[in-house]
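Visitor: Need the 3D shape of this:
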Amino acid sequence: VVDACAARRPERIVTHASTRDEAEAVGRVLAAAGYGVECVLLQAMELDPRGWTERERAVAFLLSGHRAHP
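Guide: Have a look, this model is predicted:
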């Protein structure tokens, strides 16, 4: 899907991935299509107030591809 969007050459593409491997694959597709790529790791944590302990709940990678201007 990202490859098909990149083929249309929009100014910016924003997408997400649920694993690091997926994020790397999407980033490679965007870079191969000539986009500058930024990736941010979003991580939600659960905090248990009884023991004030943290536990990982969810991870997502947010990727943004933008075309370079000449």
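Visitor: from here on, contacts and neighbour counts on C-alpha atoms
Guide: Fine.
Visitor: and residue 34, what are its phi and psi?
Guide: phi 90, psi 20 (degrees, to the nearest 10).
Visitor: isn't it right up against residue 67?
Guide: Yes - counting by Cα atoms under 8 Å, residue 34 does reach residue 67; the two are 6.8 Å apart.
Visitor: For the two, indicate the residue with more neighbours.
Guide: For residue 34 and residue 67, the more surrounded residue by other Cα atoms under 10 Å is residue 67, and the numbers stand at 18 against 15.
Visitor: Phi, psi for that one please.
Guide: phi -80, psi 140.
Visitor: OK, contacts around it?
Guide: 10, 11, 12, 34, 35, 36 (Cα atoms under 8 Å, 6 or more residues apart in numbering).
Visitor: These in strands, which ones?
Guide: Members of the contacts of residue 67 lying in strands (criterion: DSSP state E): 12, 35, 36.
Visitor: Quick check: the gap between the second one and residue 65.
Guide: As for residue 35, its distance to residue 65 is 5 Å (criterion: Cα to Cα, to the nearest Å).
Visitor: about what we covered before: give me the PyMOL select line for the ones in strands among the contacts of residue 67, limited to the buried ones.
Guide: Applying 16 or more other Cα atoms under 10 Å to the ones in strands among the contacts of residue 67, the buried members can be selected in PyMOL as follows:
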select buried, resi 35
